[in-house]
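Q: I need the structure of the sequence given here:
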Amino acid sequence: MTDAATVAWQRELKGVPAQLEARFPGYWGRFEFLGEIDSTNRRLLAAPDLQHHCFHVCVAREQTAGHGRRGRAWASVADSSLTFSIARALRMGEIPDPSLSLAIGVGLARGLSRCGLEGFFLKWPNDLVTRDGAKLAGVLVEARGKHGESPAALVVGIGLNCKGAGVLCVDRPIADLSDLSGPSDLAPRELLQAIIEEVVMAWRGFDQGGLSSFGDDLTRIDFLRGRDVVVIDTGDEGRVAGIDPRDGALLLEQGERTKRLYSGEVSVRVLRRD
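A: Below is the predicted model:
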């Protein structure tokens with residue numbers, strides 16, 4: 001039985017699919033608004049009815065086993081986080097591109113900007129952070145292969161801290177929308193619609209033109225650009241020269257040499273110089 005709080009939450013969001021369809025007809029498949037689930041990504045990875053020409057959306061009021069890159073847990077509390085996933089089937093011969101996460105990050109940033117929010121940056125390869133580097137949101141792109149009658153597919157998961165980030169017990173600095181400049185009374189429906197719309201538009205733009213069409217945005221909101229970092233996996237240090245819009249590589253300057261880092265291989269941490 002669905003509790004009253006979840007019913008109220010679903011009632012508030014129920015107009016989002018119709019608004020999205022009115023603005024971009026034919027782009028959308030099934031929408032789900034679930035009170036509680038282990039993982040929205042996991043649910044869509046198991047969905048048998050995904051199609052390549054439209055986007056299926058699953059939104060959860062609360063995730064109990066959300067996860068991020070490299071299996072890290074994503075903590076969320078009911079009504080304090082915005083957690084959802086978007087999926088579509090792969091087209092014939094399509095190969096997943098790891099740099100999609102950067103395009104999705106730009107789409108997420110555009111959605112927040114559209115709502116009048118400021119003071120966030122894209123931290124390569126898949127996080128939004130505040131000016132001081134506290135994590136505000138994360139993006140997780142996962143792929144599945146063809147299985148029986150179910151087509152191969154891509155699933156994009158997004159988790160955004162909306163409020164109360166201070167009560168989440170995690171091992172890194174985190175932030176929520178109250179740490180940004182802009183309106184403090186955003187309705188969940190307004191926020192969700194803007195973000196889904198911009199993320200899907202970014203996804204379609206990436207499908208058509210690759211990451212190169214996001215070059216200006218990547219430069220403008222690049223958190224790591226000009227910072228000294230250490231590669232956690234290898235101990236290498238250097239200064240970040242930016243993100244290559246051709247393939248999403250992080251460009252690490254080490255004296256006369258520039259090393260290219262790829263998101264599937266490494267993680268980096270900003271060095272704090274005393």
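Q: Count the neighbours of the closest residue in space to residue 57 that isn't next to it in sequence for me.
A: Spatial nearest neighbour of residue 57, excluding adjacent residues (C-beta to C-beta, 6 or more residues apart in numbering): residue 31 at 4.9 Å. Just so you know, the C-beta spots here come from the backbone N, C-alpha and C atoms, and that holds for glycine as well. Residues within reach of residue 31, counting by other C-beta atoms under 10 Å, total 19.
Q: any idea which residue sits dead centre in this structure?
A: residue 139 (2.6 Å; C-alpha atoms, centre = their mean).
Q: Could you measure from that residue over to residue 238?
A: Distance, residue 139 to residue 238, by C-beta to C-beta, to the nearest Å: 24 Å.
Q: pLDDT weak spots in the chain?
A: Residues of the chain meeting the criterion pLDDT under 70: 1, 66-76, 166-171, 273-274.
Q: Sketch out the helices for it, chain order is fine.
A: 4-13, 16-23, 40-45, 100-114, 188-209, 215-220 (DSSP state H).
Q: ok, residue 252 - contacts?
A: By C-beta atoms under 8 Å, 6 or more residues apart in numbering, the contact list for residue 252 reads 229, 231, 236, 238, 239, 240, 241, 258, 259, 260, 261.
Q: for residue 230, which residues make a bridge with it?
A: In this entry, residue 230 is beta-bridged to residue 237, residue 269, by DSSP bridges.
Q: Tell me which residues touch it, please.
A: Contacts of residue 230 by C-beta under 8 Å, 6+ apart are 236, 237, 268, 269, 271.
Q: Now do the same contact list for the closest residue to residue 49 other than its chain neighbours.
A: Distances taken as C-beta to C-beta, 6+ apart put residue 30 closest to residue 49, at 7.1 Å, once the chain neighbours are dropped. Contact partners of residue 30, counting by C-beta under 8 Å, 6+ apart, are 49, 56, 57.
Q: at 10 Å instead, please
A: 17, 44, 47, 49, 50, 51, 54, 55, 56, 57, 58, 87 (C-beta atoms under 10 Å, 6 or more residues apart in numbering).
Q: and the residues you listed, which are buried?
A: Listed as buried from the contacts of residue 30 are 17, 44, 47, 50, 55, 56, 57, 58, 87; burial here means 16 or more other C-beta atoms under 10 Å.
Q: Take those residues and keep only those in strands.
A: 55, 56, 57, 58, 87 (DSSP state E).
Q: Which one of those residues is nearest to residue 80?
A: residue 58 (18.5 Å; C-beta to C-beta).
Q: Roughly how far does the closest one sit from residue 200?
A: 14 Å.
Q: which neighbours do those two share?
A: With C-beta under 10 Å, 6+ apart, residue 58 and residue 200 have common neighbours residue 86.
Q: contacting residues for residue 127?
A: So residue 127 contacts 68-69, 101, 105, 108, 120-121, 133, 135-139, 223 (C-beta under 10 Å, 6+ apart).
Q: List the ones among those that fall in strands.
A: 120, 121, 135, 136, 137, 138, 139.
Q: The fifth one pairs with what?
A: Taking DSSP bridges, one finds residue 128, residue 160 as the beta-bridge partners of residue 137.
Q: how's this structure carved up into domains?
A: By the record's domain assignment, the chain is partitioned as 4-219, 224-270 (automatic domain parsing).
Q: Could you single out the most deeply buried of those?
A: With neighbours defined as mean count of other C-beta atoms under 10 Å, the domains of the chain peak in mean count at domain 4-219, which reaches a mean of 18.
Q: wait, which of the helices of the chain is closest to residue 248?
A: Comparing the helices of the chain by C-beta to C-beta, helix 100-114 comes nearest, at 5.1 Å.
Q: quick check: angle from the closest one to helix 188-209?
A: Per axes from the mean of the first three to the mean of the last three C-alpha atoms, to 10 degrees, the angle that helix 100-114 makes with helix 188-209 is 140 degrees.
Q: Just list what helix 100-114 packs against, helices and strands only.
A: Where contact means 3 or more C-beta pairs under 10 Å, 6 or more residues apart in numbering; DSSP states H and E, helix 100-114 is packed against strand 120-123, strand 127-130, strand 135-144, strand 153-161, helix 188-209, helix 215-220.
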